[in-house]
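J.: fold the stuff below for me.
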Amino acid sequence: MTNGISIKRGSTNLFADLGYADPETHLLKAGLVTRIREILNDAKLNQTEAATRIGLGQPEAPSSAATWISSPAGPTSVTSR
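T.: Numbers count the residues shown, from 1 in each chain. Got it, this is the predicted structure:
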């Protein structure tokens, strides 16, 4: 206990620690988003180029990529518009 704050070491899955339903899927999706972001950053793509590569309209790219990955419906939530 430090300054009245209890510290507890978590597991390797934050989503399980926070009580999310299906934490393994959330962890997998978070890893996918991280990897996609790394690839796009390494390729030094601007927003329009990145959106084209992942199949989204340019204004949708920053927020919708994460929404697409984190949605229970998966890709259909963005691509079936």
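J.: helices or strands up against the longest helix anywhere in the chain?
T.: Secondary structure assigned by DSSP state H gives helix 23-42 as the longest helix of the chain. Counting contacts by 3 or more C-beta pairs under 8 Å, 6 or more residues apart in numbering; DSSP states H and E, helix 23-42 is packed against helix 14-17, helix 47-54, helix 61-70. Backbone N, C-alpha and C define where each C-beta goes, glycine included.
J.: I'd like to know which of these has the weakest mean confidence.
T.: When the helices and strands packed on helix 23-42 are compared on mean pLDDT, helix 61-70 scores lowest, with a mean of 52.
J.: how about the longest helix of the chain: buried residues?
T.: Of the residues in helix 23-42, those buried by neighbour count under the rule 16 or more other C-beta atoms under 10 Å are 23, 26, 27, 29, 30, 36, 40.
J.: correct me if wrong: the second one contacts residue 15.
T.: Yes. At 4.0 Å, residue 26 counts as touching residue 15 under the criterion of C-beta atoms under 8 Å.
J.: can I get the buried residues of helix 23-42 in TSV with distance to residue 7 and pLDDT?
T.: TSV is the format used below for the buried residues of helix 23-42 (distance: C-beta to C-beta, whole Å; pLDDT from 0 to 100):
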residue	distance to residue 7	pLDDT
23	21	94
26	23	94
27	22	95
29	28	93
30	23	93
36	32	84
40	35	83
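J.: so which of those residues is the closest to residue 55?
T.: residue 36 (11.7 Å; C-beta to C-beta).
J.: got the angle for the longest helix of the chain vs helix 47-54?
T.: Angle, helix 23-42 to helix 47-54, by axes from the mean of the first three to the mean of the last three C-alpha atoms, to 10 degrees: 130 degrees.
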